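K.L.:
pasting the structure only:
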């Protein structure tokens, strides 16, 4: 079996889209994560709203700390997106070949997306944990990637793995909804196309809109787990003595975090920061998919050109 060029094209464009969207929205992501990681009790809030995190960075002269952990996050985003989009595209092609149709059902699409997400998360979890710890560290106090990753036991690098796997339906829901909407949108265009060898590209605006709709649905459904995951992976280097005591009393397990939220914040605590999460993830996802759709055709033609060049070079070497 040869190299699946279309899957490589999908993976490359998806990874580049993820890298760019992560970089653009990183300060918002930092504020969101630090806000989500705090367990607040009535009358004792460090952050009453997400904007307080931003103003803390401004007032303390640590504006650049809003980008702490960006390098690690970019590596994690690029690698995980490449693996996810490659496996997702590849498994979809295998399934389509098996059933003899390029149009696959919603259930099959959801299962393929879930399997791809689980596979990706297992491989990239240490990077995700390290970036979360660096991001939620006190402003100006973030450690380097390697020191953050190697602190504690090797098992600590997989903090939050259980919740990460439980969150597998999040990207599965997102990309399934996106693909189904996109498939309906371009069905007529595919039928009119003379050739079906290259991906059909939708407009940037439509990709942004479909990405926003699909990610909103996935985020609302899975948000309580998202907040628990941030709390499990959060750094423990806060200088606030009261906040430190509260964090030390939280067991970094799914039941421990759920109990802490329930005890201190009640039912609504499970949705603390939901608005910020939706804003960040919707913008990030929509940008990712918009950029991906925009550069997919270019990536596809570049890969074909490289293959053609290599094929010609190989032929000349054989003949000489």
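P.N.:
Noted; the coordinates are in hand. Every value quoted in this text rests on a predicted model; they were computed, and no experiment measured them.
K.L.:
Do a quick rundown of the helices in the stretch 1-150 of the chain.
P.N.:
Secondary structure of the stretch 1-150 of the chain (DSSP state H, counting those that start in this stretch): helices at 5-24, 26-37, 50-59, 70-99, 106-136, 145-150.
K.L.:
can you pull the contacts of residue 282?
P.N.:
211-212, 215-216, 219 (CB atoms under 8 Å, 6 or more residues apart in numbering). Placement of C-beta: from N, CA and C, glycine included.
K.L.:
and the helices of the stretch 1-150 of the chain, which one's lowest on average pLDDT?
P.N.:
Sorting the helices of the stretch 1-150 of the chain by mean pLDDT places helix 145-150 lowest, at a mean of 75.
K.L.:
Nearest to residue 179 among the contacts of residue 282?
P.N.:
Closest approach between those and residue 179, by CB to CB: residue 211, at 11.2 Å.
K.L.:
Take the contacts of residue 282 and keep only those in helices.
P.N.:
211-212, 215-216, 219 (DSSP state H).
K.L.:
from those, which single one is nearest residue 307?
P.N.:
Among the ones in helices among the contacts of residue 282, residue 211 lies closest to residue 307 (CB to CB), at 29.6 Å.
K.L.:
Assess the claim that the closest one and residue 178 are in contact.
P.N.:
Yes - assessed by CB atoms under 8 Å, residue 211 is found in contact with residue 178 at 6.2 Å.
K.L.:
want to try a markdown table for the helices of the stretch 1-150 of the chain, with mean neighbour count as columns?
P.N.:
Shown next, in a markdown table, are those (neighbours: other CB atoms under 10 Å):
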| stretch | mean neighbour count |
| --- | --- |
| helix 5-24 | 21 |
| helix 26-37 | 23 |
| helix 50-59 | 16 |
| helix 70-99 | 19 |
| helix 106-136 | 20 |
| helix 145-150 | 15 |
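K.L.:
Please name whichever of those helices is nearest to residue 280.
P.N.:
Across those, residue 280 has its closest neighbour in helix 26-37 (5.1 Å, CB to CB).
K.L.:
looking just at contacts, which helices and strands does the closest one meet?
P.N.:
helix 50-59, helix 70-99, helix 106-136, helix 204-233, helix 274-319 (3 or more CB pairs under 8 Å, 6 or more residues apart in numbering; DSSP states H and E).
K.L.:
Would you format the ones you listed as a markdown table with distance to residue 167 included?
P.N.:
Below are the helices and strands packed on helix 26-37 laid out as a markdown table (distance: least, CB to CB, whole Å):
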| stretch | distance to residue 167 |
| --- | --- |
| helix 50-59 | 21 |
| helix 70-99 | 13 |
| helix 106-136 | 8 |
| helix 204-233 | 5 |
| helix 274-319 | 12 |
